[in-house]
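Novice: pasting the sequence and the predicted model now:
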Amino acid sequence: MIDMYTVCQRLILHEGLRLQPYFCSKNKLTIGVGRCVQTNPITAEEEKVIGDWQHGITKCSAMYLLRNDIKRIYKELKKELKFFPDLDSERQYALIDMAFNMGTFGLLQFKKMLKAIECGNYQLAAKECLNSKYAKEVGQRALRIADTLATGEFKI
């Protein structure tokens, strides 16, 4: 996998960083770097580290939550997509970013895209990524992710 620092910086670019709880565009309670606490609740262990998150968190706490989310998603993708460990780090990142945005279950609905990736047809995978509601909703982010899938390079 690509190094944790790089994944964190890219997700901050795409998600933003907010230290106070807020409602995201889907009207779900969120904090930090896109941590939706309704679909991905703060665990008891995390609460011991970050404290009373409902009144805000520190940047260090936000990064702690983000790293936990990335590790969880990485594990889920390794379990659900047998080809995932064999991908280069940039294409792994692209799938992590998508799963971070829409959940692993949401990513798994991209059957044509995932099949194309599994077969090594990255141009088709990029096309399928862009031919989606996801691409319409996230705009520039989807263009970056599709380009990463197609080329194996992340560009801002």
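Specialist: Sure thing, it's come through. Numbering: from 1, shown residues only.

Novice: count of neighbours near residue 37?
Specialist: Neighbourhood size, residue 37 [other C-beta atoms under 10 Å]: 16. Glycine gets a C-beta too; all of them are placed from N, C-alpha and C.

Novice: what bridges to the residue nearest to it when sequence neighbours are not counted?
Specialist: With C-beta to C-beta, 6 or more residues apart in numbering as the criterion, residue 37 has its nearest non-adjacent residue at 5.1 Å, and that residue is residue 29. For residue 29, the residues forming beta bridges with it (DSSP bridges) are residue 23.

Novice: so who does residue 29 touch?
Specialist: With contacts defined as C-beta atoms under 8 Å, 6 or more residues apart in numbering, residue 29 is in contact with 21, 22, 23, 36, 37, 38.

Novice: show the buried residues in those.
Specialist: Taking 16 or more other C-beta atoms under 10 Å as the criterion, what is buried in the contacts of residue 29 is 21, 36, 37.

Novice: export the residues you listed to CSV and tack on pLDDT?
Specialist: Below are these laid out as CSV (pLDDT from 0 to 100):
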residue, pLDDT
21, 97
36, 94
37, 95
